[in-house]
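>>> Sharing a model prediction with you, sequence too.
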Amino acid sequence: MAESVTQQKEPKRVVPAPHASESFTKADSEGSSLLERLLGEQQALTAVETFSRAQDAGAVPAQSRYYSALIPAAEPGPGQQFAFDVDLDRCSGCKACVTACHSLNGLDETETWRDVGLLIGGTSALPVVQHVTTACHHCLEPACMTACPVDAYEKNPVTGIVKHLDDQCFGCQYCTLACPYDVPKYHAGKGIVRKCDMCSDRLAHGEAPACVQACPHEAISIRIVDREQVIEDSEADVFLPAAPEPHLTYPTTAYRTKRVFPRNLLPADYHTVATQHPHWPLIIMLVLTQLSVGAFLCGFALEQFLSAGQAAALRPLHSLNSLIFGLLALGASTLHLGRPQYAYRAIIGLRHSWLSREIVAFGGFAGAAVLYATGNWLGPEALVGSVVWQRWVGWGVGAFGIAGVFCSVMIYAFTRRDFWRFPQTTIRFALTSLVLGIATVWLTLLLLSLSGSPDANAVIELRGTLICQSLLVVAGTKLVFEAGLFRHLAGRQVTQFKRSALLMACPLAGYTLARFACGVLGGLAMPAFLLRSVSETPQDPVVLVVVTGFLFIANLAGELLERYLFFAAVAAPRMPGAIRS
Amino acid sequence: MTSSILVQHDGPLTRELLLSPGDFGLGRVPDRVKPDATVTSVCGYCSTGCNLNVHLRDGEAVNLSPATPYPVNLGMACPKGWEALSVLDAVDRATTPLLRGADGKLEPVDWPTALNTFCGRFKQIQQRHGTDSVAFLSTGQIPTEEMALLGALAKFGMGIRHGDGNTRQCMATAVVAYKQAFGFDAPPYTYADFEESDVLVFIGANPCLAHPIMWERVMRNPHSPEIVVVDPRTTETAMNATLHLSLAPKSDMALFYGLARLLIERGAVDEGFIERHTNGFYEFAQFVEEYTLKLTCELTGLPASSIERFAEVVADGGRVSFWWTMGVNQSHQGVRTAQAIINVALMTGNIGRPGTGANSITGQCNAMGSRLFSNTTNLLGGHDFGNAEHRQKVADVLGIDESLIPHEASMAYPEIIEGILRGKIKGLWVVCTNPLHSWIHQNQCRDILDRLDFLVVQDMYRSTETAQQADLILSAAGWGEKDGTFINSERRIGRIRKVKRAPGQALADFSIFRLIADTWGCGEMLKDWTSPEAAFQILKRLTAGQPCDITGIRDYDMLDECGGIQWPHPEVGTRKSERGTGDSPTSDFRVPTSPERRLFSDGRFYHADGRAKFLFEDPRPLSEPPSEKYPLILLTGRGSASQWHTQTRTSKSAVLRKLYPQAVYVELNPSDARRLGIAHHERIEVTSQRGHLTATAFLTPTVQPGQVFIPMHYEEANRLTDAVFDPYSRQPSYKACAVAVRRI
């Protein structure tokens, strides 16, 4: 099919008005009444009148004759649950299961809850092609459920079915990152996630799930599995070749085959790299929360090098600056929610969800930061009563901030994606905090200096070198750390790290270049320039404004781009996919 | 259900996906589209002929699911069937006729303008260049009633001599092979044969993807059958084979000759059957003498052990059935290849018994209807244009003057295309097919269609490659928006029904033909064709006394009551020509005794002497063998179960689009890729003498070294193919031409 419909054509064959013969006009005059009749008939729906099928009053669905043996006759016992059972030797790759699930569950136009992937391997003499139908694995330890900050997932204690509670969901999409099998799908129009529930309603009424009903080859059935057995199999990595490691969540689906798979069996999409959804609100939220936390912490750190008067002169504006970015971050984060009006529900997942914990930590951070900043402007007496308390509030800002950033790290580390591993993400987020924290300190100094504050000028003169050197070291370290990913390009094996490196090197090359350009400009060139000029007095205000502006904006832009790549270039684990072109 | 500020387990979002008992034996269905009635309709894609249960609300389709009791699909459907309704809502439907104006743009016009232009222009061309200068290209995708009306209108009303169908691209080979061997175009099997065989041999067929519901029947075979797959590629079907013969492209004819020789050597022939029911066996036996195991190995590239094992399996098989489709039909020597298969079935007595047969699996939903009723190669009802008796009979049934009926068959599709090239055909009417995508050697085809004075495309969509080139588009209603019948691969006649309103002013093809007849001035001649069901009654009468006699089918309702009816089903008392299993007559319109009937159980074929013929000739080399410049052989074929032909419909479903690669890709053996320096998923260029395309390389050992595979659903594929045809069937040989591949 051509992609666009063009109806343009050279006008070489101009159609003349028909030359009507006598019989032709006559036919025409009769034809119009026939035309009206036929157009009328076309719009009349008569299928029901011409066909009277007696309404089947029987309670048993006709299709049950084929599926009754494919679903369990009884409920699972203690220590057991329902599970999908896939006979790979019977899966021919027709994909009827996908469409049946779509139609019989009333999903939206583009929505599908089941997928069929393809494994290919072997030799030219003995090739192997194996289609693999897959949906939710109704895991023993569902990552979606653990991750969900609003408890919108429940695992039925009897059937083991992991069900998504659509009205409880507020659309944070964290489950879509947490599930190693790419099962929960975000529905932007509705602002929530939806997923397979093994047609629990059908099973409860003795009917088979849509996919089971529709597989022409009886490749999918529902069986009762022993949870102990699932754990044992998962720990022995008995699941499916080239699928994500089963010990992470204990998927219950059993893939069976009598075939002997070759060791080189790979998914058809193994060699393709696809960029992931970038989640802009999260990018902004992460970078700005880290900026804010970093700015407070760098501010506190700088104060250790200043006189009390200098620190006091710096504090109100700096805390305000830091606070503004923090509040912007929290504002941005709500934009990520499909249904932000239910943001408050996030507190109920505190016991298990790092996202809940992050929201609470940053909530505390914002509260403390507002108190702290207000105290700095109005004097501590106005709010918290004493300078000592004010200091405690400052400690609170720092503690909540660090806790918040730590929760941010854990949110991504929890997904077990290599690119988002704990050490790497910790380094990444911590260094972002420091780079942007120092940049913000410099911004505060500039603003104060412009307002004619002698303290600010003194600080620049005395501590400017230290600040610039710190920035050079921190920003340089971060750039080297990030560039280190490209060493994986040399590896022959297509690891998750290599996929990320490939994504950054090829489809995302523009972002990658921009990221490093900003990093070098804001983190190395501008501080190096400042380093030379801070010793000169008096400062040329124009130069200071331009250089500081560049420094701050370039670093902020650089970190935003870095975070864009953090999302877009992550290699997400997934079930084997089909051919992509 | 729990509900509080913090916890809400029920609500509008949950209710959106609520299921409720659907009644009508459906089980639970989405509450939002719970039906108040259901009707069944045969699917409009492939020739399997699955029955779909359309869920209606206020008379209009809201959903569908496969029909459970139907003897074809047993409650199943492939993705195309499941999504049959969603493709009707596409934005690129033709909702009014469109006429190309002086500015070269297609603009909507009303029906009277369209009809006047259609008739005026074609009459003008016929006056200037002779009546033969207008031709039509039809389809296997519209109901029998519509193709018969088109055939009658065009040939008897408009004086058009030449018309053919896109069935030339899929079934012509099987038609000719059967006609010559059996005396009538008669696929002998019923789908129960898939379940009753001890040995199933698939030649150039990948039912796993091309006919998933036929594969369903294979999977339900309880006899742990041997499955032999003859295919150069390791397809999904080959994966399920107990013996996969990965032979050189187009060497299947030699393989079957070699097999025949081995079977004769082993004495594994049914001499009684040969003696009583066939002609020409001894000449055939002599002919295959030459096809020694050694020669067969050379010609096919197969090891001797595989061929011997094949012979063993067939010899010891018991009930052996042979199934072929496009790998055989689309060949430069398709007819003789199909007959090589038929020969083996005949000589081993594997025909007429349950679980046997030389069985051509058809392509399109109504290719079988087209074979009997398109009035192109055959005169209506499987008659012969050259036979004066037949002409008189048809004239009598239709109430027309016998002299209106031409004495010879139409030119075949390739001759029509050539006729345009030579300036003999100036006007072309294309109904429900898309030659600019599907015709072989596409660049040339585009150039040729450009030479027409007037090109009319009658289609559901204004966006097909051919419609975009048309001077006039007639907006047609599609499957689901009209009534009629289809005939499936096992000769089963089933109903399709109108369950949706056609968009805008789109009209059923049947109505369009009636309007054209009326405008042309031959409405009176076709006055009895008032509705599809009235047409069906005419068609019934045309089949009287033919092998395909269906006079015993009372009406449409009887088709519903019986779960479709296979031909033949003659009226009681006129059963002399029936060759099927015996039915016991109880009334004029008795119900067939079995829902699954096969032909030739009495060993009587349709030739005058009742015998089948052995037909054979030496294989010819590949029409375009690989050369230094074009060292690889290009194979084309179906890519997935979710794509249909030129994708005019299947590309309109968002769900189907998720189930196949969006752009053209080329399957290439990893060893060839290494040699050419091509890595996984790199962009490559494929070139033949005729054209080139760029695509993504998909490296897979399932294609042999020296071969590449491109799915036919991508428009680019036919830029490469070579316009070579079977000499008997004139079917294009899509599946083997020489190409070169390079990295870009």
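Ah, there it is. Numbering: from 1, shown residues only, chains lettered A, B, ... in the order given.
>>> What parts of the stretch 301-450 of chain A come near chain B?
Neighbours of chain B within the stretch 301-450 of chain A, by CB under 8 Å from any CB of the partner chain: A:344, A:345, A:347, A:348. From N, CA and C alone the C-beta is placed, and that goes for glycine too.
>>> Could you rerun that using 10 Å?
A:339, A:342, A:344, A:345, A:347, A:348 (CB under 10 Å from any CB of the partner chain).
>>> sec struct for the residue in the stretch 451-581 of chain A positioned nearest to chain B, please.
Residue of the stretch 451-581 of chain A nearest chain B, by CB to the nearest CB: residue A:581 (3.9 Å). Here residue A:581 is recorded as coil under DSSP: H, G, I helix; E, B strand; the rest coil.
>>> Let me see the contact set for it.
Going by CB atoms under 10 Å, 6 or more residues apart in numbering or on different chains, residue A:581 touches A:272, B:660-666, B:681, B:683, B:695-698, B:714.
>>> Low-confidence bits of chain B, can you list those?
B:1-3, B:573-587 (pLDDT under 70).
>>> how about a cut-off of 50?
B:1, B:574-586 (pLDDT under 50).
>>> of all of it, which residue lies closest to chain A?
When scored by CB to the nearest CB, chain B has residue B:120 as its residue closest to chain A, at 2.4 Å.
>>> Is that residue in contact with residue B:516, as I believe?
No. Checked against CB atoms under 10 Å, the pair residue B:120 and residue B:516 is beyond contact range at 11.8 Å.
>>> So which of these two has more stuff around it?
Neighbour count, other CB atoms under 10 Å in any protein chain shown: between residue B:120 and residue B:516, residue B:516 has more, with 29 against 20.
>>> Mind listing what's buried along the helix or strand hosting the more buried one?
Using DSSP states H and E, residue B:516 falls within helix B:509-520. Buried residues in helix B:509-520, counting neighbours by 16 or more other CB atoms under 10 Å in any protein chain shown, are found at B:509, B:510, B:511, B:512, B:513, B:514, B:515, B:516, B:517, B:518, B:519, B:520.
>>> give me the subset of those residues touching chain A.
B:510, B:511, B:512, B:514, B:515, B:516, B:517, B:518, B:519, B:520.
>>> Residue B:374: neighbour count?
28.
>>> Got phi/psi on the residue lying closest to it once chain neighbours are set aside?
Counting by CB to CB, 6 or more residues apart in numbering or on different chains, residue B:374 lies nearest to residue B:147, which is 4.7 Å off, once chain neighbours are set aside. Taking degrees, to the nearest 10, you get phi -70, psi -30 for the backbone angles of residue B:147.
>>> What about residue B:147, how many residues nearby?
Counted with other CB under 10 Å, the neighbours of residue B:147 add up to 31.
>>> if I pick it, what's in contact with it?
Neighbouring residues of residue B:147 by CB under 10 Å, 6+ apart: B:138-141, B:165, B:167, B:366, B:369-370, B:372-376, B:380, B:431-432, B:484, B:509-510, B:513.
>>> and the residues you listed, which of them are in helices?
Counting by DSSP state H, the part of these found in helices is B:369, B:370, B:372, B:373, B:509, B:510, B:513.
>>> burial of the closest residue to residue A:200 other than its chain neighbours, as a residue count?
Leaving aside its chain neighbours, residue A:200 sits nearest to residue A:161 (4.9 Å; criterion: CB to CB, 6+ apart). As a burial measure, residue A:161 scores 22 neighbours (other CB under 10 Å).
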